[in-house]
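1. 3D model of this:
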Amino acid sequence: MAEKDNKSSGEAAASTSKKGKGKLLIIIAVTLTLLGGGGGAAAYFMLGKNKHDVAQNDEEEEAPAEGQQTAQEKPDAKPDKASPKKGRKKKRSGPPVFVELDMFTANLKDDDGDRFIQIKLVAEVRDQPSGEMLKNMMPAVRNEVLLLLGSKEAKDIATREGKERLAGEIVAAANKTLEGTPAANGVEGVNFTHIIVQ
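-> So this is what the prediction gives:
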């Protein structure tokens, strides 16, 4: 009889031990599943959402709303020459293309004496063909930029904001010379490499 009690208590202990291990394995499996799913969800929302936003923004820039035409589709439309495009550059497929421009020297229209500006620029263009077209049109580009510089006063370009405004106006002047060519609106920005006002 004592032997039966020992066997049944041993079997009870073994079955309790198996039940405890089974519960522990289930808890570990559920925990790992939740952690893995949570990590995957976090990765999806952090990485997947950004790709979706970028793709959506690109589609919005490329496709105008119904009934609207882009500036290139409207024959009479002119780009806004007063303000440069900021933050709306299209994503490039390759490295940026820079075209170094010659030195520009022009008299300023200040009344308090003979003042002049001397600048050297590097134009950032859309692609290599646009850069080649800009080089071919350089006499017309120089004319537009020199006329623009001659219309300025020293106080107009004394501040950072004034220089940024001038850069936007130079972009518009360069793009004006490229109208009607395959490189229309090909100049996306200009960078000052040298500027002196005396």
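2. Show the average pLDDT along stretch 187-194.
-> Mean pLDDT, stretch 187-194: 94.
3. Give me the residues contacting that stretch.
-> Contact partners of stretch 187-194, identified using Cβ atoms under 8 Å, 6 or more residues apart in numbering, comprise 84-85, 89, 98, 101, 103, 118-126, 130, 134, 163, 167, 170-171, 174-175, 178. Backbone N, C-alpha and C define where each C-beta goes, glycine included.
4. List the residues that contact residue 149.
-> 104, 106, 108, 117, 119.
5. Then residue 21?
-> If you count contacts by Cβ under 8 Å, 6+ apart, residue 21 has none.
6. ok, then the element right after the lowest-mean-pLDDT helix or strand in the chain?
-> Of all helical and strand segments in the chain, the minimum by mean pLDDT, DSSP states H and E falls on helix 49-62, at a mean of 47. Reading on from helix 49-62 to the C-terminus, the next helix or strand found by DSSP states H and E is strand 97-107.
7. Can you show me the CA trace of that next one as CSV?
-> Taking Å, rounded to 0.1, in the frame of the first residue of the first chain, the C-alpha atoms of strand 97-107 are listed here in CSV:
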residue,chain,number,x,y,z
VAL,A,97,25.6,68.7,-62.7
PHE,A,98,27.4,71.9,-62.1
VAL,A,99,28.4,74.4,-64.8
GLU,A,100,31.0,77.0,-63.9
LEU,A,101,30.1,80.5,-65.2
ASP,A,102,32.6,83.3,-66.0
MET,A,103,33.3,86.2,-63.7
PHE,A,104,30.6,88.9,-63.8
THR,A,105,31.5,92.5,-63.1
ALA,A,106,28.9,95.3,-63.3
ASN,A,107,28.3,98.8,-62.1
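8. Taking strand 97-107 as reference, get the angle to the helix or strand following it.
-> Next helix or strand after strand 97-107 toward the C-terminus (DSSP H and E): strand 116-125. If you take axes from the mean of the first three to the mean of the last three Cα atoms, to 10 degrees, strand 116-125 sits at 160 degrees to strand 97-107.
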